[in-house]
Every structure is written in structure tokens, then in C-alpha cells.
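> got a predicted model here, sequence first, then my questions.
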Amino acid sequence: MSFRLSQRSRAALQGVHPDLVVVVEAAIELTPVDFMVSEGLRTAARQAELVRAGASRTLNSRHLTGHAVDVAAWVDGQVRWDWPLYPRIAEAFKAAAKTRGVRLIWGGDWPRLRDGPHFELDRRAYP
Ligand SMILES: [Zn+2]
């Protein structure tokens, strides 16, 4: 089974760090669950809006610098947020990152405020 990035996903990758784009492109070929890229680079104004709305806790988001992407599981023609879909997508991202030597962090592995749709380049390798 292999999926392809949609035009919308490609558009959402504009301005995202090339190493992260490479991982996304490889992950879509590995994942057992289709996904779309819902957000990549984010403006400071949008980040402030998300914090105000309670959807984000930080003004120092990796999205502001193009070091993060959010994905949405896509099943039977619709976006799905069911938690069990995201570890399956994350496995594909981790495998893709490993084979390409990219240090990637999945928000779903965070002990607090886990964020299943979120992937970012490791600050230790990508300050
Ligand atoms: Zn995110």
C-alpha cells in the first residue's frame, strides 16, 4: 500500500525545512494510514491566535521557523482524529527519518500535552 501527497499537502510544505520535507515524502510511501499535511510554516500572528484560543501553549513554536509539520489522518475521504491512527503514522515518520539520518521528534511521545499530529526536527540537531 502506498499513498501520495496531495496538492494541498505540497502547498502546506512550502517554507518547511528541506530535511523535514524529505521525511514527509518518504513517510507517505511507508505509512499504512493515509495522511495530509495540515500545517507547516506558521506566522507569528497565527501562533499568537492559537495561544489565545488555547490550541497552543507556546509562542516559541517550531512551526514559526519551518521546523515542524502537523498531519491529519485521512480515512475514507475524511480527516480523522482517532488517537490509534497516529502512532501508526508516526512509525512511518520515524522509519523515514532514521533511514535518512534526520533527527525527528514526534509530539505523541511527549509525556505531557502529547500532540499526535505534530512532528518536528530535533532542536539538538536543528537549533
Ligand atoms: Zn504542530
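Nice, thanks for sending it over.
> contacting residues for residue 8?
Residues near residue 8 by Cβ atoms under 8 Å, 6 or more residues apart in numbering: 36, 37. Placement of C-beta: from N, CA and C, glycine included.
> and residue 33, by the same measure?
73, 74, 75, 85, 88, 89.
> now, among the residues you listed, which is nearest to the ion?
residue 89 (13.5 Å; Cβ to the ion).
> secondary structure element for that closest one?
helix 85-99 (DSSP states H and E).
> contact partners of that helix?
23-24, 26-28, 30-33, 35, 71, 73, 75, 103-104, 106, 108-109, 116-117, 119.
> keep only those of those that are in strands.
With strands taken from DSSP state E, the overlap with those comprises 35, 71, 73, 75, 104, 106, 119.
> wait, isn't the last one in contact with residue 109?
Right, the one you point to is residue 119. No: in this structure, residue 119 is not within contact of residue 109 by Cβ atoms under 8 Å, at 10.3 Å.
> who has more neighbours out of those two?
It is residue 119, of residue 119 and residue 109, that has more neighbours when counted by other Cβ atoms under 10 Å, with 27 against 12.
> gap between the more buried one and residue 9?
Residue 119 is 13 Å from residue 9, where distance means Cβ to Cβ, to the nearest Å.
> hey, what's in contact with both of these two?
residue 24.
> chain center to stretch 85-96, what's the gap?
Its chain's C-alpha centre and that of stretch 85-96 lie 10 Å apart, by Cα atoms, centre = their mean, to the nearest Å.
> how about it, does it reach the ion?
No: figure legend: stretch 85-96 not in contact with the ion (Cβ under 5 Å from the ion); closest approach 12.3 Å.
> so which bits of that stretch are buried?
85, 86, 89, 90, 91, 92, 93, 94, 96 (16 or more other Cβ atoms under 10 Å).
> tell me how far residue 58 lies from the ion.
Remark: distance between residue 58 and the ion (Cβ to the ion, to the nearest Å) = 10 Å.
> what score does that residue have for pLDDT?
The model reports residue 58 with a pLDDT of 87.
> helix or strand for it, which one?
Here residue 58 is assigned to no helix or strand, by DSSP H and E.
> can you pull the phi/psi pair for the nearest residue to it once chain neighbours are set aside?
Counting by Cβ to Cβ, 6 or more residues apart in numbering, residue 58 lies nearest to residue 51, which is 7.2 Å off, once chain neighbours are set aside. Main-chain torsions, residue 51, degrees, to the nearest 10: phi -70, psi -40.
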